[in-house]
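>>> Here is a sequence with its predicted model. Questions after.
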Amino acid sequence: MNSFGSNFRVTIIGESHGPGVGVVVDGCPAGLELVPADFVEDLQRRAPGAFGTTPRKEIDVPQILSGVHQGRTCASPLLVWFENSDTDSSSYESISRTPRPSHADFTARAKYGGYADARGGGMFSGRLTAGLVAAGVVAKKLLKGVDIQANLIQVGGSVDVEGEIRDAVGQGDSVGGLVQCELKGVPVGLGEPWFDSAESLMSHAIFSIPGVKGVEFGSGFECAKMRGSECNDSIVDLDGKTSTNHSGGINGGITNGNDVVLRVAFRPTPSIAKAQKTIDLRTGAPAEIRIDGRHDACIARRATVVVEAACAVVMADLMLSHQLLDRVLGQG
Ligand SMILES: Cc1cc2nc3c(=O)[nH]c(=O)nc-3n(C[C@H](O)[C@H](O)[C@H](O)COP(=O)(O)O)c2cc1C
């Protein structure tokens, strides 16, 4: 569904071209100081503006509609809402007939019988990540001592981020990217051995971000090429610190006290100006489309803070589950 988490439960709401987008956070500890200004920095990191990002300009003024009283969280579900103010649905009329290759137009239509709002990608749009980023801001405020930072480390397989994006845009194309996220100060012992392993929960949250096609921890897929003598992380002290971190800070599904390190592969944006083949849903005949709406050329460029948010939400949930975070803050 559209909700995730056990004790810090996040529900993503809204549509790209509807009245707005947002998030409901249930289970946030009471007493956390929270004002709209807290959201500004991370929302700006998600906002377009850099070369190769969508020209859509949303002001993204966070409205806290529930869950805060006198500047502190007050235990009822927290609702943070962002009005959509810069929508232009004109280029989406044809998409309902000729679905964009590798976007959710076809799957949404097949699943929801044409009732899903297709304008601007509806609920599948990157616009909905504003809500996740807002939840991430709240989670980060709770996670004292845990530092979460994601960076865009490659675009199109190269470290020349600007050059690759410029080249793709010049050709009416899009390009994929690789985001690396590091979590420092994660306590040892978070996560369960099986389905709620720290890796499973973080991957679950990260794969929910539109455009994510791969997640790896530590040396990830490279581990498959290694010998044990190379890949094993030697333990060097009683806190469990290791000399290398091929495991990415997690063993047996449980955080081991080292940095949690993961990388996220973002696909190239599906909507591109170049001609693409699809079909006409009315006739089944082959069709060709060129997307001339307002789109990001490289999703990954705006997604670093979204990856941080997904990780922060999982960490807050795990720390509440492990009773490492109090349900009521600021007392005594
Ligand atoms: C921050 C962000 C911005 C995005 N911008 C666009 C966009 O401008 N155009 C587009 O076609 N897809 C965009 N996407 C990706 C699509 O939403 C996504 O590819 C689509 O929903 C299909 O899902 P999938 O790629 O996970 O299978 C964006 C995703 C994110 C996270």
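Everything's here; your move.

>>> Can you see whether the longest helix along the chain contacts the ligand, counting any residue in it?
Secondary structure of the chain read by DSSP state H shows that its longest helix is helix 299-321. Yes: against the ligand, helix 299-321 shows contacts by Cβ under 6 Å from any ligand atom at 299, 302, 303, 306. All C-beta spots, glycine's among them, are computed from the backbone N, C-alpha and C.

>>> Leaving out the residues flanking it, which one is nearest to the first one?
The shortest distance from residue 299 to any residue other than its chain neighbours is 4.3 Å, reached at residue 211 (Cβ to Cβ, 6 or more residues apart in numbering).

>>> Show the contacting residues for the one you found.
126, 266, 267, 269, 299, 300, 303 (Cβ atoms under 8 Å, 6 or more residues apart in numbering).

>>> Show me the shaky parts of this protein.
91-92, 331-332 (pLDDT under 70).

>>> count of neighbours near the closest residue to the ligand within the chain?
Distances between the chain and the ligand by Cβ to the nearest ligand atom are smallest at residue 126, namely 2.3 Å. Around residue 126 there are 23 other residues, counting by other Cβ atoms under 10 Å.

>>> Same check on the one 4 residues further on?
The number of residues packed near residue 130 is 29, by other Cβ under 10 Å.

>>> ok, now residue 257?
Neighbourhood size, residue 257 [other Cβ under 10 Å]: 19.

>>> How about it: what's its closest non-neighbour residue?
residue 188 (3.7 Å).

>>> mind checking the backbone torsions on that neighbour?
Here is the backbone geometry of residue 188 (degrees, to the nearest 10): phi -70, psi 140.

>>> List the contacts of the residue of the chain closest to the ligand.
Counting by Cβ under 8 Å, 6+ apart, residue 126 has contacts 210, 211, 296, 299, 302, 303.

>>> with those in mind, which one is nearest to residue 158?
Using Cβ to Cβ, residue 299 is the member of the contacts of residue 126 that lies nearest residue 158, at 16.4 Å.
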